[in-house]
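# take a look and give me a structure for this.
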Amino acid sequence: MTDKIELYEVVGCSPKKRRKEDGAVFPACKTYMYEETPSSHVQINPDGVLKLMHDVKVLSTIQTPYRGSFYLEELWKVNCVGINLIWIRGRDETLRLIDRNGSLLETVKTSYVVSAMTVNSNQEPVFLIGLSDRHVYIYRINKVEILLELTDWLARDLHYTVNGDLLLSMHTKDGVQSKVVRYTGTKQILEIQYDSTGQPLFGTKMGGMLNLTENGNGDICVAAFGCKSVTAVDTSGCLRFKFQGNCNHMKNTLFLPSNIATDVNNQILITDSSSNVVHIIDCDGNFVRYIEYPCNGGISIDIDHNLVIGDRTTGEIRFIKYLE
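Now for the predicted structure:
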C-alpha cells in the first residue's frame with residue numbers, strides 16, 4: 001500500500017547547469033562497482049526544471065543496521081553515492097556502506113562517534129568525529145587518514161562543492177561564533193562570517209548543528225539549528241537570504257533546521273527537528289511545500305532525483321519520488 005504524503009504547493013527556480021554524478025569504482029571497496037547509466041530514469045523538461053508532483057510516492061523502504069531509538073541505535077545521516085550505494089552514520093563509532101536493499105557492504109571503525117560526513121569526488125567518505133576533535137578525516141585505500149588539521153575553531157559539518165573544494169562550518173570552542181571556510185586541497189581560500197554591515201551571518205547562539213551544502217547556482221546554504229534559520233550566501237560570501245520557517249503553514253511554533261540538501265531544480269530541502277518534516281524552499285528562500293514524513297535520520301538526493309530520508313526512531317530509510 002502506497003503511503004500518502006501531504007504537500008503544500010508553490011513554484012521553484014530555474015536552475016543553472018550542474019554536473020551529474022558519474023559512475024566510478026570506490027577505491028576503498030574495490031569489489032563494489034557503480035553502475036553506468038546513459039540517463040536518469042526521470043526525464044528533465046527542456047527548460048531544465050522537473051515538475052513537483054502533487055502526490056509524491058514512496059518507492060521503497062529499507063531497514064539499516066541501526067535498529068532505532070529504543071535500542072539506542074539511532075540513524076543520523078545518509079549520503080547517496082552513485083546509483084545503488086549509501087554511506088550512513090549514526091549513534092556509534094562507525095561508518096557503514098549499504099546498498100539500496102539495506103545490505104551491509106563495508107564497515108569503517110573510528111575512535112569516537114562520527115559527528116559529520118560527506119563524500120568527495122573519488123567517492124571516499126570524509127568525516128569528523130566528536131565535538132572537540134580538531135581534525136578532518138578521510139577513509140581511503142582501506143584506512144583512515146587525517147586530511148586536515150584545524151587550530152582554534154571546531155568543525156561542525158563539511159561538504160564538497162562541484163569543483164572539488166571542501167566547505168567546513170565551524171564554531172568557536174565556546175560555541176558563540178560561527179563561520180564557513182572554503183578549502184582547495186589543504187589551502188584556505190575563503191572565510192565567511194559576517195554580512196556587509198559586520199553582523200554575524202550564522203548567528204551568535206550557543207552551539208548546535210551547523211549543517212551545510214552547496215546549491216546548483218553556487219550558493220552555500222547553512223542550516224543553523226541554534227539560530228533557528230537557514231542562511232544562503234553566494235560564492236563570494238555575500239548574504240542572499242535567510243529562511244526562518246513558513247509562518248503560514250508551520251506545524252509547530254519552532255523551526256529547528258538540522259540536515260539540508262539541494263535538488264536538480266536548485267530547491268533547498270531542510271529537515272525540521274521540531275516537526276520532523278521536510279521544508280522545501282526555492283533558490284531565493286521562498287517556501288514551496290512540506291513533505292510530511294519522518295526525516296530526522298538524514299536527508300539526501302539520489303541520482304534519479306528521489307528524496308532519500310532516514311528515520312532516527314526506526315533506523316529505516318525511505319526513497320520518495322517527488323519530481324517528475
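# helices or strands next to the helix or strand containing residue 80 in the packing?
Using DSSP states H and E, residue 80 sits within strand 75-81. Under the contact criterion of 3 or more C-beta pairs under 8 Å, 6 or more residues apart in numbering; DSSP states H and E, strand 75-81 touches strand 85-90, strand 114-119, strand 299-301, strand 307-311, strand 316-323. To be clear about C-beta, it is placed using only N, CA and C from the backbone, and glycine gets the same treatment.
# relative to strand 307-311, how tilted is it?
Going by axes from the mean of the first three to the mean of the last three C-alpha atoms, to 10 degrees, strand 75-81 is angled at 160 degrees with respect to strand 307-311.
# return strand 75-81 as PDB; C-alpha atoms alone will do.
Output of strand 75-81 as PDB, limited to C-alpha atoms (Å, rounded to 0.1, in the frame of the first residue of the first chain):
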ATOM      1  CA  LEU A  75      20.400   6.600  12.400                       C
ATOM      2  CA  TRP A  76      21.700  10.200  12.000                       C
ATOM      3  CA  LYS A  77      22.900  10.700   8.400                       C
ATOM      4  CA  VAL A  78      22.600   9.300   4.900                       C
ATOM      5  CA  ASN A  79      24.800  10.100   1.800                       C
ATOM      6  CA  CYS A  80      23.800   8.600  -1.600                       C
ATOM      7  CA  VAL A  81      26.700   7.500  -3.700                       C
END
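# could you give the average pLDDT over it?
Throughout strand 75-81, pLDDT has a mean value of 95.
# repeat for stretch 215-229
The average pLDDT for stretch 215-229 rounds to 94.
# tell me how far the nearest residue to residue 105 once chain neighbours are set aside lies from residue 83.
The shortest distance from residue 105 to any residue other than its chain neighbours is 4.7 Å, reached at residue 97 (C-beta to C-beta, 6 or more residues apart in numbering). Residue 97 sits 14 Å away from residue 83, going by C-beta to C-beta, to the nearest Å.
# one more: residue 315?
Distance of residue 315 to residue 83, computed by C-beta to C-beta: 23 Å.
# try residue 270
25 Å.
# which one's more surrounded, the two?
Set side by side, residue 270 and residue 83 show more neighbours around residue 270, with 25 against 18, by other C-beta atoms under 10 Å.
# which outside residues touch the helix or strand in which the more buried one is found?
Assigned by DSSP H and E, residue 270 belongs to strand 268-272. Residues from elsewhere that reach strand 268-272 (C-beta atoms under 8 Å, 6 or more residues apart in numbering): 213, 215, 221, 223, 230, 232, 243, 245, 255-263, 277-283, 291, 295-296, 298-299, 301, 307, 309.
# go again using 7 Å as the cut-off
215, 221, 223, 230, 255-263, 278-281, 295-296, 299, 307 (C-beta atoms under 7 Å, 6 or more residues apart in numbering).
# and stretch 100-120, which residues are buried?
Neighbour-count burial for stretch 100-120, with 16 or more other C-beta atoms under 10 Å as criterion, is recorded at 100, 102, 106, 108, 110, 113, 114, 115, 116, 117, 118, 119.
# out of the residues you listed, flag the one nearest to residue 140.
Of all the buried residues of stretch 100-120, residue 140 sits closest to residue 108, with 10.5 Å by C-beta to C-beta.
# pLDDT score for the closest one?
At residue 108, pLDDT is 96.
# so it belongs to a strand, correct?
Yes: with DSSP: H, G, I helix; E, B strand; the rest coil as the criterion, residue 108 is located in a strand.
# quick check: closest non-adjacent residue to it.
Leaving out its chain neighbours, the residue that sits closest to residue 108 by C-beta to C-beta, 6+ apart is residue 95, at 4.0 Å.
# I'd say that neighbour and residue 105 touch.
No: using C-beta atoms under 7 Å as the test, residue 95 is too far from residue 105 to be in contact (11.5 Å).
# what ranges do the strands span in the stretch 1-150 of the chain?
Along the stretch 1-150 of the chain, counting by DSSP state E, counting those that start in this stretch, strands occupy 52-63, 75-81, 85-90, 94-99, 104-109, 114-119, 125-129, 135-140, 143-149.
# please identify the most buried of those strands.
strand 85-90 (a mean of 25; mean count of other C-beta atoms under 10 Å).
# and the angle from whichever helix or strand residue 156 is part of to strand 125-129?
Assigned by DSSP H and E, residue 156 falls within strand 154-160. Using the same axes, to 10 degrees, the direction of strand 154-160 lies 170 degrees away from that of strand 125-129.
# starting from strand 154-160, tell me which strands it pairs with and how they run.
The strands that strand 154-160 pairs with in its sheet are strand 166-171 (antiparallel) (by DSSP bridges).
# adding mean pLDDT as columns, could you present the helices and strands packed on strand 75-81 in a markdown table?
Shown next, in a markdown table, are the helices and strands packed on strand 75-81 (pLDDT from 0 to 100):
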| stretch | mean pLDDT |
| --- | --- |
| strand 85-90 | 96 |
| strand 114-119 | 95 |
| strand 299-301 | 97 |
| strand 307-311 | 97 |
| strand 316-323 | 97 |
